[in-house]
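Chemist: Below is the structure, and that's it, no one-letter string:
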């Protein structure tokens, strides 16, 4: 027993000595490195700064990848310096970077499987080795230089302490849907400087016109510089060709100070080839996304697709899209979105059949109701506008859920203005023909970025008639534009028009290529006939906004023939709009709602109506806006 006891004591002593030896040989680690205490459970994708900006946590969603590293200026672009670790979901990767200067911009990329270098899909700034050199210092001062010689391809940029912006307006009251007068604007073709700052200087012009919402064509980073913006690749980063992120914030703030909402044209139907999400799962042989892409379809599921088609049934796409939607509302105080090609948010496979694609699609409706609910959870009053142009019963259901639908009357107004009355039916501008419950959810327009300019068609292809009246001369064409403005703005519901329509812009959409640069003709403002059209737009927008009758739901029209009429009824005033789109005089019966004195808003004269069914003869291009009491 004594021998056994001595052996037990000896073993205990040896164990104790071994423990002491290990303790002496182990390195003494700082508390935060001795045991990793960073909680990554709810780590957002992209970059999260901690420790007052001296450390950054990075997360990348990259299911199926074997190895992912972070490379950048903080580790000498060393592929082995910062390996990322898999997260609990088995699909995401994360890494921590320390010893950062919070005031310094760092370029970085993700290196995937030791071969593919991609920028961060969630980055808010990129450096492009091919296109940044064409951005002048006057547009983007002190733009960080591309890390030439250290890497290749587009790189992302992160910085903890970015230049701050102090918002002046934090409680902007948005115009009611029914009152929206939206000016669709492409910065590149609106001001020669192609900057937010230069557009800001034109706000007085737009405010005087009566515009209360600006719809910016896409401003998230797109491929190249000279673009409409629909070839998007980085969804969280403002394109530097228009200025800095604080320039954009200042622009939004200035618009709000003028009572003007800012609606962002946003592209989530597709992405282009420089997108890191496309590149991470791409088959170079077929030039298509791979079948294991978390976000994209191998082949588009609908016609008119460009780029690579997002699969909005995928949870990964839903999560990404919602992150994008939240970002611009929160970071830039955007007032809402116009969603490009919203009809493409479907997995019902109709790659070649436009009619089938446009038919009622319950799965697409479910997708949009989910997105709309999410947006309203972030900002209950944000506008959600869809370029949908689908079946009436589908649009009716989306409108009932609170979304606004584009109502394209471009072809019809073009035909009317040209004097080709047989194809000039404007009945579709009436909300009740869409079977909507109210006019507030139908955004009607005679011209958008996507159609040939009405004035170009009128002066080029207009009906020259057989008598003394010819549509094509500039004064006649501009007068017909005035008549269309009367019908457009008198019709209840939100309205939109393309930049410079108020001056009769008559340069073809095809000049310099469809999406190429167009002449910026502010000198049109000095042409008396064109200035008269501007003043007419201003007058009818003022009429719409100041008189509640133009928000009524009681509206009817006879809008198919040459002699068109529109009738609005309300408790206090009724309105009748009449116009002759033919090239010859036309006589028709105008139905007034009551007898007595009626006021002509066009000529500032009165007429005595003794019979509610009154015969009227209108000359070519002649029109009137009659009201039962005087309008403001």
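Modeler: Thanks, I have the structure now. The structure presented is a predicted model; accordingly, all values stated were derived computationally and were not measured.
Chemist: drop to CA atoms for contacts and neighbour counts, all remaining ones
Modeler: OK.
Chemist: so where does residue 215 fall, helix or strand?
Modeler: Using DSSP states H and E, the secondary-structure element containing residue 215 is strand 213-216.
Chemist: swap that for residue 262, sorry
Modeler: Per DSSP H and E: residue 262 is located in strand 261-266.
Chemist: Not counting that strand itself, show me its contacts.
Modeler: Under the criterion CA atoms under 8 Å, 6 or more residues apart in numbering, residues 174-175, 212-220, 252, 255-256, 334-340, 383 lie in contact with strand 261-266.
Chemist: Identify the residues contacting the closest residue to residue 551 other than its chain neighbours.
Modeler: When the adjacent residues along the chain are set aside, residue 551 lies closest to residue 492, with 4.9 Å between them (CA to CA, 6 or more residues apart in numbering). In this structure, residue 492 makes contact with 178, 439, 440, 550, 551, 552, 553, 555, judged by CA under 8 Å, 6+ apart.
Chemist: And the fourth one, how far from residue 350?
Modeler: Right, the one you point to is residue 550. Separation of residue 550 from residue 350 (CA to CA, to the nearest Å) stands at 40 Å.
Chemist: cool, and the second one?
Modeler: Counting by CA to CA, the gap between residue 439 and residue 350 amounts to 31 Å.
Chemist: For beta bridges, what are the partners of the residue nearest in space to the middle of the chain?
Modeler: In the chain, the C-alpha closest to the average C-alpha coordinate belongs to residue 265, at a distance of 1.1 Å (CA atoms, centre = their mean). For residue 265, the beta-bridge partners are residue 338 (DSSP bridges).
Chemist: From residue 334, how far out is it?
Modeler: Look at residue 265 and residue 334: by CA to CA, they are 11 Å apart.
Chemist: Equivalent analysis for residue 554, please.
Modeler: In this structure, residue 554 and residue 334 are separated by 33 Å, where distance is defined by CA to CA.
Chemist: Rounded mean pLDDT for stretch 520-527, please.
Modeler: Averaged over stretch 520-527, pLDDT sits at 98.
Chemist: can you check stretch 575-583 too?
Modeler: Here stretch 575-583 scores 98 as its mean pLDDT.
Chemist: same deal with stretch 272-279?
Modeler: Within the predicted structure, the mean pLDDT of stretch 272-279 is 98.
Chemist: ok, back up a step: now the element after the strand holding residue 262, going C-ward?
Modeler: With elements assigned by DSSP H and E, the helix or strand that comes after strand 261-266 is strand 270-271.
Chemist: name the helices or strands packed onto that next one?
Modeler: The helices and strands touching strand 270-271, judged by 3 or more CA pairs under 8 Å, 6 or more residues apart in numbering; DSSP states H and E, are strand 232-238, strand 308-309.
Chemist: Within the sheet, what are the partner strands of that strand, with directions?
Modeler: In the sheet, strand 270-271 lines up against strand 308-309 (antiparallel) (DSSP bridges).
Chemist: distance between the partner strand and the chain's centre?
Modeler: Here the centre of strand 308-309 is set off from its chain's centre by 18 Å, with CA atoms, centre = their mean, to the nearest Å.
Chemist: can you give me the mean pLDDT across it?
Modeler: Averaging pLDDT residue by residue across strand 308-309 gives 98.
Chemist: Same check on stretch 252-260?
Modeler: 98.
Chemist: Run the chain-centre distance for it.
Modeler: Centroid separation between stretch 252-260 and its chain, computed with CA atoms, centre = their mean, is 18 Å.
Chemist: what does stretch 200-215 give?
Modeler: Per CA atoms, centre = their mean, the displacement of stretch 200-215 from the mean C-alpha position of its chain is 18 Å.
Chemist: Renumber starting at 17 from here on
Modeler: All right, first residue 17 from here; so that's stretch 216-231.
Chemist: on that earlier part again, residue 570 and residue 350 - which one has more neighbours?
Modeler: Neighbour count, other CA atoms under 10 Å: between residue 570 and residue 350, residue 350 has more, with 22 against 16.
Chemist: Contacts only, for the more buried one.
Modeler: Remark: with contacts taken as CA under 8 Å, 6+ apart, residue 350 is in contact with 268, 277, 278, 279, 280, 344.
Chemist: Farthest pair within those?
Modeler: Greatest spacing in the contacts of residue 350, by CA to CA: 277 and 344 (13.8 Å).
Chemist: count of neighbours near residue 134?
Modeler: 23.
Chemist: again with residue 624
Modeler: Using other CA under 10 Å, residue 624 has 10 other residues around it.
Chemist: In a strand, it, correct?
Modeler: Yes: applying DSSP: H, G, I helix; E, B strand; the rest coil, one finds residue 624 inside a strand.
Chemist: need the contact list for it.
Modeler: Shown here is residue 624, whose contacts under the criterion CA under 8 Å, 6+ apart are 611, 612, 613, 614.
Chemist: swap in residue 488?
Modeler: The neighbours of residue 488, taking CA under 8 Å, 6+ apart as the test, are 434, 474, 475, 476, 477, 478, 479, 480.
Chemist: circling back: who wins on neighbours among the contacts of residue 624?
Modeler: residue 614 (22 neighbours).
Chemist: Pull the contacting residues for that residue.
Modeler: When the contact criterion is CA under 8 Å, 6+ apart, the partners of residue 614 are 622, 623, 624, 625, 642, 643, 644, 645, 646.
Chemist: Show the buried residues in those residues.
Modeler: With burial judged by 16 or more other CA atoms under 10 Å, the buried subset of the contacts of residue 614 is 625, 642, 643, 644.
Chemist: So which bits of the helix or strand hosting residue 222 are buried?
Modeler: With elements taken from DSSP H and E, the one containing residue 222 is helix 219-225. Within helix 219-225, the residues that count as buried by 16+ other CA under 10 Å are 219, 222, 223, 225.
Chemist: and it, what other elements does it pack with?
Modeler: The elements that helix 219-225 packs onto, with contact taken as 3+ CA pairs under 8 Å, 6+ apart, are helix 544-562.
Chemist: And the helix it packs on, what does it pack against?
Modeler: Using 3+ CA pairs under 8 Å, 6+ apart, helix 544-562 is in contact with helix 219-225, helix 490-506.
Chemist: which is the next helix or strand following it?
Modeler: Moving toward the C-terminus from helix 544-562, the first helix or strand encountered (DSSP H and E) is strand 570-574.
Chemist: Where does pLDDT dip in the protein?
Modeler: Along the chain, segments meeting pLDDT under 70 span 17-53.
Chemist: quick check: domain ranges of it?
Modeler: Following automatic domain parsing, one gets these domains for the chain: 53-174, 198-424, 574-643.
Chemist: Could you work out which of the ones you listed reaches nearest to residue 487?
Modeler: Residue 487 lies closest, by CA to CA, to one member of these: domain 574-643, at 7.1 Å.
Chemist: any idea how far the closest one is from the chain center?
Modeler: Distance of domain 574-643 from the chain centroid (CA atoms, centre = their mean) equals 38 Å.
Chemist: what's across from residue 312 in the sheet?
Modeler: Applying DSSP bridges to residue 312 gives these bridge partners: residue 326.
Chemist: quick one: terminal-to-terminal distance for stretch 282-301?
Modeler: Across stretch 282-301, the terminal residues are separated by 30 Å (CA to CA).
Chemist: Quick one: the helices in the stretch 417-566 of the chain, in order.
Modeler: Using DSSP state H, counting those that start in this stretch, the helices of the stretch 417-566 of the chain run over 426-434, 470-477, 490-506, 544-562.
Chemist: For residue 606, which of those is the nearest?
Modeler: Scanning the helices of the stretch 417-566 of the chain with CA to CA as the criterion, the closest one proves to be helix 490-506, at 15.4 Å.
Chemist: Check which helices and strands that closest one sits against.
Modeler: By contact count (3+ CA pairs under 8 Å, 6+ apart), the secondary structure elements abutting helix 490-506 are helix 426-434, helix 470-477, helix 544-562, strand 591-596.
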